[in-house]
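Undergrad: Predicted coordinates and the sequence they were generated for:
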Amino acid sequence: MQTELLIHADWMLPVDSRDSTLEHHSIAVDRGRIAAVLPRAEAETQIQAAQTVELPGHVLIPGLVNAHTHSPMTLLRGLADDLPLMTWLHEHIWPAEGRWVDTEFVADGTRLAALEMLRGGVTCFNDMYFYPEVTARVAAEAGMRVLAGMIVVDFPTRYAETADEYLHRGLELHDQYREHTLVRPAFAPHSPYAVSDAPLERVRTLADELEVPIHIHLHETRDEIQQSLRDHGQRPLARLDRMGMLGPQLVAIHMTQLEDAEIERLASTGSHVVHCPESNLKLASGFCPVARLLEAGVNVALGTDGAASNNDLDLLAEMRTAALLAKGVAGSASAVPATAALRMATLNGARALGLDDEIGSLEQGKAADIVALDLGSHSHQPLYNVCSQLVYTAASHRVSQVWVHGRQVIRDSHPLTLDEPGVIAAARDWQQRIRPAGESG
Ligand SMILES: [Zn+2]
């Protein structure tokens, strides 16, 4: 067989149905797709590749899927820390956004996010922010896969005045990107507390019609539940259920407040949950019952949330935090083992976004979204179990090579599609505008 690329590595965690660890295997890539996964000895006799990459001491994993981000918020990283969610949002984040967010902010912030994520092995992200058409364009230029969130809120911003206008702008994005290889649109109504019934019902109708996911913050804090009970006489999940929004298209972010019947309802409707452990910890939002959700059969993916509440977009670190936190919350050291954490960061993310036929595992026919990590350094020795080592000791700076849809975007830890010094300079420039050095918060 003739292929464009052949990658040889010491180990591979393909995230297949058996949670295999493959030793001395190779991946053949052709026209953006995985043409074969096979033992190295067979690859050497059967495959003639235009380019061969040797990765001794490395493990290959599927590109990581960051299932919840607000990528331009990288420019607000560290602006307001150590505050509760509503104070943080109302007194700091929303005013700063009202003052500064425009197309240039979104472009520069997304570039910084894309650089951090690609260097950390994230090849696909599910984004929610203003000017999603800019995020989509910048991500595609960086060679990264994105679900561009068609955001909806009740209140006016520079991006749009009314819920109708948000929807209208979103639908323009949908038309623009419906056939794109790397960009997919998704509806992104911010939260039940920021969007009223009429626009939510419109989102549900349009999402059915266009067959796109609905990406929404849900049950993030106890306050959110209490406010909903006061304003609507229902918990937010019940309110969405009343509007027919539960189902395989629903991608519910956070879910720290869950009753048993709600877990069953999520499972029976095939709704997805995205767990953002570091954001939940930092904002003291509560604990998502991940082990109980997984046990009930709910698909749980992983997200970092925005860099203003994390403060990084490091999904490898998030995987480790998720595996550790789940044990504490469940009171069981066997809750969310390493293989489950890796699955949440890859295939479960792909499933939540409706992309599991395309990405999420290293299997023949899927898109070639591939990440190589160097496990040769002192901090990974000795190496008894590759998946455990990846989840419990690997750090994002060990990511050495990244391909998205067969195109190499990181080589030897350096970006090939982004101008790193330029991206950093732009971020510093925004800091000077938003809060010059020396001025206190
Ligand atoms: Zn969020």
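TA: Looks like it came in fine.

Undergrad: Do you have the strands of the stretch 51-200 of the chain handy? List them.
TA: 64-69, 122-128, 145-152, 183-189 (DSSP state E, counting those that start in this stretch).

Undergrad: what packs against the second one?
TA: Translated: strand 122-128. strand 64-69, helix 132-141, strand 145-152, strand 183-189, helix 347-352, strand 399-404 (3 or more C-beta pairs under 8 Å, 6 or more residues apart in numbering; DSSP states H and E). Every C-beta, even on glycine, is put in place using the N, C-alpha and C of the backbone.

Undergrad: Need the CA coordinates for it. CSV is fine.
TA: Provided in CSV are the C-alpha atoms of strand 122-128 (Å, rounded to 0.1, in the frame of the first residue of the first chain):
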residue,chain,number,x,y,z
VAL,A,122,-5.9,19.3,21.8
THR,A,123,-6.9,19.0,18.2
CYS,A,124,-10.7,19.8,18.6
PHE,A,125,-12.5,22.3,20.8
ASN,A,126,-16.2,23.1,21.4
ASP,A,127,-16.3,26.8,21.8
MET,A,128,-18.9,29.3,23.1
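
Undergrad: Give me the contacts around it.
TA: For strand 122-128, contacts defined as C-beta atoms under 8 Å, 6 or more residues apart in numbering pick out 63-71, 113, 117, 135, 139, 144-149, 151, 186, 188, 190, 213, 215, 251, 274, 303, 313, 315, 349-350, 352-353, 355, 359, 369, 371, 402, 404.

Undergrad: closest one to Asn280 among the helices and strands packed on strand 122-128?
TA: Closest to Asn280 of the helices and strands packed on strand 122-128, according to C-beta to C-beta: strand 64-69, at 11.2 Å.

Undergrad: per-residue confidence averaged over the closest one?
TA: Strand 64-69 comes out with an average pLDDT of 98.

Undergrad: can you pull up the bridge partners for the residue lying closest to Ser271 once chain neighbours are set aside?
TA: For Ser271, ignoring the flanking residues on the chain, the nearest one in space by C-beta to C-beta, 6 or more residues apart in numbering is Leu250 at 4.2 Å. Applying DSSP bridges to Leu250 gives these bridge partners: Ile214.

Undergrad: so Leu250 touches Arg204, yeah?
TA: No: if you go by C-beta atoms under 8 Å, Leu250 and Arg204 don't touch, sitting 9.4 Å apart.

Undergrad: Spell out which residues are contacts of both of these two.
TA: In contact with both Leu250 and Arg204: Ile214, using C-beta under 8 Å, 6+ apart.

Undergrad: which one of the two has more residues nearby?
TA: The neighbour count for Leu250 versus Arg204, taken as other C-beta atoms under 10 Å, is higher for Leu250 (24 against 21).

Undergrad: Could you check how far that one is from Pro189?
TA: Distance, Leu250 to Pro189, by C-beta to C-beta, to the nearest Å: 11 Å.

Undergrad: where in the protein is pLDDT low?
TA: Within the chain, the ranges that satisfy pLDDT under 70 run 436-441.

Undergrad: Tell me who's in contact with the one residue sitting closest to the centre of it.
TA: Taking C-alpha atoms, centre = their mean, the centroid of the chain lies closest to Asn66, which sits 1.5 Å from it. By C-beta under 8 Å, 6+ apart, the residues touching Asn66 are Met117, Val122, Cys124, Phe125, Asn126, Leu302, Gly303, Thr304, Leu313, Leu315, Gly349.

Undergrad: what's across from the residue lying closest to it once chain neighbours are set aside in the sheet?
TA: Excluding the flanking residues, the one nearest Asn66 by C-beta to C-beta, 6+ apart is Phe125, at 4.3 Å. Under DSSP bridges, the beta-bridge partners of Phe125 are Asn66, Val146.

Undergrad: Give me the number of neighbouring residues for Phe125.
TA: Phe125: 29 neighbours (other C-beta under 10 Å).

Undergrad: Quick check: it vs Arg202, distance?
TA: Phe125 is 25 Å from Arg202, by C-beta to C-beta.

Undergrad: just Pro236 next, same as before
TA: 18 Å.

Undergrad: Neighbour count for those two, which is higher?
TA: Taking other C-beta under 10 Å, Pro236 and Arg202 do not tie; Pro236 has more neighbours (23 against 17).

Undergrad: Quick check: phi and psi on the closest residue in space to the more buried one that isn't next to it in sequence?
TA: Among residues not flanking Pro236 along the chain, Pro192 sits closest, at 4.0 Å (C-beta to C-beta, 6+ apart). Torsion angles at Pro192 (phi, psi; degrees, to the nearest 10) stand at phi -60, psi -30.

Undergrad: Pro192 reaches Asp241, doesn't it?
TA: No: between Pro192 and Asp241 there is no contact under C-beta under 8 Å: 11.3 Å.

Undergrad: Please identify which of these two sits among more neighbours.
TA: Under the criterion of other C-beta under 10 Å, the comparison of Pro192 against Asp241 puts Pro192 first, with 28 against 19.

Undergrad: OK, contacts around Ser271?
TA: Applying C-beta under 8 Å, 6+ apart, we find Ser271 in contact with Leu246, Gly247, Pro248, Leu250, Ala252, Arg265, Val298.

Undergrad: if we go to 7 Å?
TA: Leu246, Gly247, Leu250, Ala252 (C-beta atoms under 7 Å, 6 or more residues apart in numbering).

Undergrad: That one and Ala207: what is the separation?
TA: Using C-beta to C-beta, Ser271 is found at 13 Å from Ala207.

Undergrad: most surrounded residue in the contacts of Asn66?
TA: Ranking the contacts of Asn66 using other C-beta under 10 Å puts Gly349 first, with 34 neighbours.

Undergrad: intersection of neighbour lists for Leu250 and Pro189?
TA: Ile214.

Undergrad: can you give me phi and psi for Gly297?
TA: phi 90, psi 10.

Undergrad: Give me the neighbour count for it.
TA: 12.

Undergrad: oh, and call the first residue 19 from now on, that's how I've got it
TA: From this message on, residue numbering opens at 19, which makes the last subject Gly315.

Undergrad: what's the helix or strand for the closest residue to it other than its chain neighbours?
TA: Excluding its sequence neighbours, the residue lying closest to Gly315 (C-beta to C-beta, 6+ apart) is Ala285, at 4.7 Å. Secondary structure assignment for Ala285, by DSSP states H and E: helix 278-287.

Undergrad: burial count for the nearest residue in space to Ser352 that is not next to it in sequence?
TA: Nearest residue to Ser352, sequence neighbours excluded (C-beta to C-beta, 6+ apart): Lys345, at 7.8 Å. Residues lying near Lys345 (other C-beta under 10 Å) number 17.

Undergrad: and Lys345, what element?
TA: Lys345 belongs to helix 333-348, assigned by DSSP H and E.
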